[in-house]
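>>> A structural model of the following input is requested.
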Amino acid sequence: MARFTRTSAILLLCVVINFLFIVLFLYLDAVPGVPYSLLKKTLQNAKSAYQGSTLDSDPDLESATAIVIPAECEDPYRMPGYLVLPENVTDPATLKETVYVPFYDTFTDRPPVAIATYPQPPHQNFDFAPTKTPDAELMRQAPTDWMVRIQKHVYNQNNPLVYFDENDEDAIADVAARNRTARELVWLRNKRVLMLADSVDRYMLMHFCTQAGVQGIEGLIGKHTLAICHIPSLNFTITHWHIPGMLSATPDWWYISEISHVPFEARFEDMYKQYLNLTIGMDGKGPDLIIYQSILWDTFNFARGPAAHALTGLSSTNEPPDEGRLLFWSELEFYRSRQQIMINYFRSLFSNSAPFLYRSALNHRFEGPIDIPVYQLDRVARAVAHANSIEVLEWAQFARGFYEIYRDVIHVNLSAQSWLYSNMMLYYLFRATGGEEVRGRVTKWPLTDVDKQVRHWSKGDTWEKCNQYNRVLYR
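I've put the predicted structure just below:
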């Protein structure tokens with residue numbers, strides 16, 4: 001009889017554990033939205049058993065949690081999908097027709113349409129129907145349109161009902177709709193969003209105000225400084241602190257006279273600190289969500305520095321190269337370092353209380369060699385974000401190629417893309433404050449009031465729960 005050795009026992013243990021993993025994954029695949037606690041406990045137990053053997057631990061085990069993602073943690077805006085656009089993408093009256101429809105399995109698992117099968121009858125000319133909107137099943141799974149609700153809310157506040165006939169069915173329906181809108185936006189009350197970003201995001205802030213029907217404020221303390229969008233009836237505030245790149249000092253060759261302080265540290269101390277109260281949310285520590293981006297300024301700065309001019313032969317900082325170039329490794333190292341320092345600086349400032357979002361880099365209106373450094377810096381920024389468990393607001397991809405939405409070389413106008421930006425920001429804010437949404441349906445609302453006994457505001461664990469999946473799965 002063959003001898004049952006210690007090595008055989010270890011191999012048998014590994015086979016059993018692998019079998020249990022297969023059973024687990026098949027079960028999770030069949031049951032969407034498996035409770036996070038069950039998933040975490042199962043994976044931890046399996047990992048402990050596996051590492052208890054004398055064989056080396058499986059390096060892929062750590063990434064297993066990114067494969068089986070709870071339904072409420074699926075990020076619709078990071079999935080492939082279809083962007084439904086109005087006929088005129090810059091007409092303010094039709095912006096609310098903008099919808100992003102993710103490609104869930106309800107789309108990918110469909111059988112082939114009849115016209116795609118082979119063989120086809122003679123004289124098949126493939127006269128496709130000019131449909132621009134997916135079917136109702138897919139449209140129902142689109143992320144919640146928070147922007148249209150805010151627009152309705154502000155309108156209702158500005159046009160209150162003074163009297164209505166209780167026998168008038170239309171009036172009763174109107175009251176019901178107003179009440180529903182008010183209830184759906186309770187979670188947004190007293191929330192704060194901070195943008196540490198360039199003028200692209202400042203325009204998005206101002207467009208948000210325009211779309212909502214309120215007046216935005218910019219240039220409060222000078223050009224390239226502070227911008228605010230505030231909805232009084234919700235006490236909801238978005239604040240923009242302009243960041244002109246990652247330079248750690250104001251160089252002698254600086255080219256914008258209106259900007260006297262370039263480093264974000266100096267700008268906070270000298271300009272933004274006095275307005276800090278505008279960004280503090282219900283937890284008393286900081287905003288509920290922080291969005292950051294400055295790459296266009298960084299590309300401008302690298303193009304005007306001595307290194308670029310030594311390379312191109314230009315003698316003046318007023319003559320930046322027209323074409324893009326591959327950045328030096330030293331420039332990328334500098335940018336990586338400053339990104340990390342900035343994240344640490346503001347996390348410390350706000351007691352690590354708010355989730356960060358890196359907004360993907362926007363290319364120039366007419367994409368070309370000038371965008372080479374933009375893409376280089378974007379890759380570095382994504383790597384730093386990933387290392388810091390920061391997710392990405394993947395908005396820039398929806399603007400590429402739509403030349404008509406740009407107001408100039410780098411800024412996007414009020415358009416379908418600004419409407420989409422607003423909804424994406426609100427989606428992440430909803431999750432950051434404890435909300436959960438599964439394929440277009442809200443399954444958990446954020447906490448909406450302060451506990452009267454302990455006076456403590458809790459944002460819940462939704463962001464933390466989903467972040468470990470999303471930062472890896474959608475890297």
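
>>> and the next element down the chain from the helix-or-strand element of the chain with minimal mean pLDDT?
Least confident element among the helices and strands of the chain, by mean pLDDT, DSSP states H and E: helix 36-51 (a mean of 48). Per DSSP states H and E, the first helix or strand lying C-terminal to helix 36-51 is strand 81-84.

>>> That following strand pairs with which strands?
Looking at strand 81-84 with DSSP bridges, its partner strands are strand 99-102 (antiparallel).

>>> Give the next helix or strand downstream of the strand it pairs with.
In N-to-C order, the element after strand 99-102 by DSSP H and E is helix 105-108.

>>> other SSEs contacting that next one?
In terms of contacts (3 or more Cβ pairs under 8 Å, 6 or more residues apart in numbering; DSSP states H and E), helix 105-108 is packed against helix 136-139. C-beta coordinates here come from the backbone N, C-alpha and C atoms, glycine included.

>>> Go through the helix it packs on and flag the buried ones.
residue 138 (16 or more other Cβ atoms under 10 Å).

>>> With stretch 176-186 instead?
Buried, per 16+ other Cβ under 10 Å, within stretch 176-186: 178, 181, 182, 184, 185.

>>> what do you get for stretch 259-270?
Quick answer for stretch 259-270 (16+ other Cβ under 10 Å): 259, 261, 262, 263, 264, 267, 268.

>>> May I have the distance across that stretch, first residue to last?
12 Å (Cα to Cα, to the nearest Å).

>>> Just give me the residue right at the centre of this protein.
Closest residue to the average C-alpha location of the chain: residue 393 at 2.5 Å, with Cα atoms, centre = their mean.

>>> That residue against residue 426, yeah?
No: using Cβ atoms under 8 Å, residue 393 is not in contact with residue 426; the gap is 11.3 Å.

>>> mind listing the strands for the protein?
81-84, 99-102, 192-197, 217-218, 226-231, 236-242, 289-292, 356-359, 391-393, 436-438, 441-444 (DSSP state E).

>>> Adding distance to residue 90 and mean pLDDT, write those out as a markdown table.
Formatted as a markdown table, these follow (distance: least, Cβ to Cβ, whole Å; pLDDT from 0 to 100):
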| stretch | distance to residue 90 | mean pLDDT |
| --- | --- | --- |
| strand 81-84 | 15 | 96 |
| strand 99-102 | 17 | 97 |
| strand 192-197 | 23 | 97 |
| strand 217-218 | 21 | 92 |
| strand 226-231 | 20 | 96 |
| strand 236-242 | 22 | 97 |
| strand 289-292 | 23 | 98 |
| strand 356-359 | 21 | 97 |
| strand 391-393 | 22 | 96 |
| strand 436-438 | 29 | 96 |
| strand 441-444 | 30 | 94 |
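
>>> So which of these is nearest residue 383?
Counting by Cβ to Cβ, residue 383 lies closest to strand 356-359 out of the strands of the chain; the figure is 10.4 Å.

>>> Show me what the closest one is packed against.
Using 3+ Cβ pairs under 8 Å, 6+ apart, strand 356-359 sits against strand 289-292, helix 329-349, helix 372-387, strand 391-393.

>>> ranking the ones you listed by burial, who's on top?
Most buried of the helices and strands packed on strand 356-359 by mean neighbour count (mean count of other Cβ atoms under 10 Å) is strand 289-292; its value is a mean of 26.
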